[in-house]
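Chemist: show me the folded form of this:
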Amino acid sequence: MNCLEAHRDIGVHEVVDRRGNAFQLDERAFHANVEQVRRLLPPGTKIYQCAKGDGYGVGVERIVCLGVRAGVDGFCLGTPEEALRAKCVAAGRPVLLFAGCDPAALGEMVEAGIIVSISSVEGCEALLRSGATGDVFFKLDCGFRRYGLNEPDLRTVLDRVRRQSSVRCIGAYSHFGSRADEIVDGGLPLFDRLTRLIEDAVQRPIETMVASSTLILQRPGLGHSAVDPGRLLYGMMAAGPEMPPFQPIVPRISSRLLQVTPFDEARLLTVGYADKTAIPAGGATGVFPLGWIDGLSAHRGFGEVLIRGTRLSVVARTLQHSIVNLSGLSDVRVGDEVVLVGAQGDEQIGLEAMASAQGMSVTEAHFRLLAAIAAGVPNGRQNG
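Modeler: The predicted model follows:
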């Protein structure tokens, strides 16, 4: 796939699966978000786009191509498989595999041209034993308490790396999460001290990258050479005071009615596995093909959707389907659009409202629902 040739028109593209579910991908919004992040940063700061979670649910190849066309400087991936897929479409930009890879697989990744993360002494030793030749980043633990080298382990790794020539450290990064004041005040000075320690050991400058959406918003003037803005590029966070809003790159998520069942008489029905639902005379129920296996809530409440510009309640949900009370609508037909996120007529449901109604965060709803739809998309099926 040539990302620079595909979709030269920067617009809104629709991604549709075989069940009739779809989401819109707004490339203009993505470009605007990249430019807004650049304006927050000192000139020359590199942007590494995080494309983990199968490209934030959108699909690795699809989202990396957006990044290439928007001019990001590199990509961060969460699994070895994602990194290899990204490498094929990254147009020569660096692909960094975040910590979390089996140490035994690090050599294979390096030989494939992936920049791997060294986050433990054991990972370093496994990579050196593999005989692979290539570049690495050190993942530093500066308070997030997940993956990462503490100072004693970093010194051990530096001692190992200095005694050989096949593996070269070209950068270091740390995650700071969303608790900026709690972690960053102590973590940033530690990060700066540890990166100076690395540069003294390897005797050259390295890339220093901070990974935190919140940090970029609250302290945009930090003088590191690179950032991973995370959710900011996808418009999944509110901007700071007096900043233009970041734009959601997925403004619409929809489905289609696959069945409509009318009732001439009033009924008290057991719908799916849910409690009984009252359907008035002349009412109807409808089924659309998104269920709790696709990331929607398995428990009441099931949220609302828009059909023919009317806000309606979902009354039941099964593994692969949701059932909506269509009472009050006339002439509803199989194939009618069901909007979960977006506008229809004069009504609108935002991603935050949809997620909140089902007891999920925006991040959970975005990843789960988009990933389920993208997984069912035939190769190349993207309109727009």
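Chemist: residues touching the residue nearest to the spatial centre of the chain, list them.
Modeler: Centroid check for the chain by CA atoms, centre = their mean gives Y56 as the closest residue, at 2.1 Å. By CB atoms under 8 Å, 6 or more residues apart in numbering, Y56 lies in contact with 50, 63, 234, 366-367, 370. From N, CA and C alone the C-beta is placed, and that goes for glycine too.
Chemist: out of those residues, the closest to L258 would be?
Modeler: Nearest to L258 among the contacts of Y56: L370, at 20.2 Å, using CB to CB.
Chemist: what strand or helix carries the closest one?
Modeler: helix 362-375 (DSSP states H and E).
Chemist: quick one: contacts of that helix?
Modeler: 15, 17, 21-23, 53-54, 56-59, 62, 231, 234, 236, 250, 253, 290, 293-296, 340, 351-352, 354-355, 358, 360.
Chemist: just stretch 30-37 next, same as before
Modeler: By CB under 8 Å, 6+ apart, stretch 30-37 touches 10, 47, 66-67, 69-72, 216, 227, 229, 232-235, 239, 243-244, 246-247, 249.
Chemist: now with 10 Å, please.
Modeler: For stretch 30-37, the external contacting residues (CB atoms under 10 Å, 6 or more residues apart in numbering) are 10, 26, 45, 47, 49, 58, 63, 66-67, 69-72, 213, 216-217, 220, 227, 229, 231-236, 239, 243-250.
Chemist: please produce a PyMOL select command covering the buried subset of those residues.
Modeler: Buried residues among these (16 or more other CB atoms under 10 Å), as a PyMOL selection:
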select buried, resi 26+45+47+49+58+63+66+67+69+70+72+213+216+217+220+227+229+231+232+233+234+235+236+239+246+247+248+249+250
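Chemist: among the contacts of stretch 30-37, which are in strands?
Modeler: 26, 47, 49, 227 (DSSP state E).
Chemist: which strand residues bridge the second one?
Modeler: Right, the one you point to is I47. Counting by DSSP bridges, I47 is bridged to V227.
Chemist: ok, it - contacts?
Modeler: 34, 37-38, 41, 67, 70-74, 209, 216, 226-229, 232-233.
Chemist: now swap in V334 and tell me
Modeler: The contact partners of V334, taken as CB under 10 Å, 6+ apart, are 256-260, 286-287.
Chemist: re the thing from before, format the ones in strands among the contacts of stretch 30-37 as CSV; extra columns: pLDDT.
Modeler: As requested, the ones in strands among the contacts of stretch 30-37 are exported to CSV (pLDDT from 0 to 100):
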residue, pLDDT
D26, 96
I47, 98
Q49, 98
V227, 96
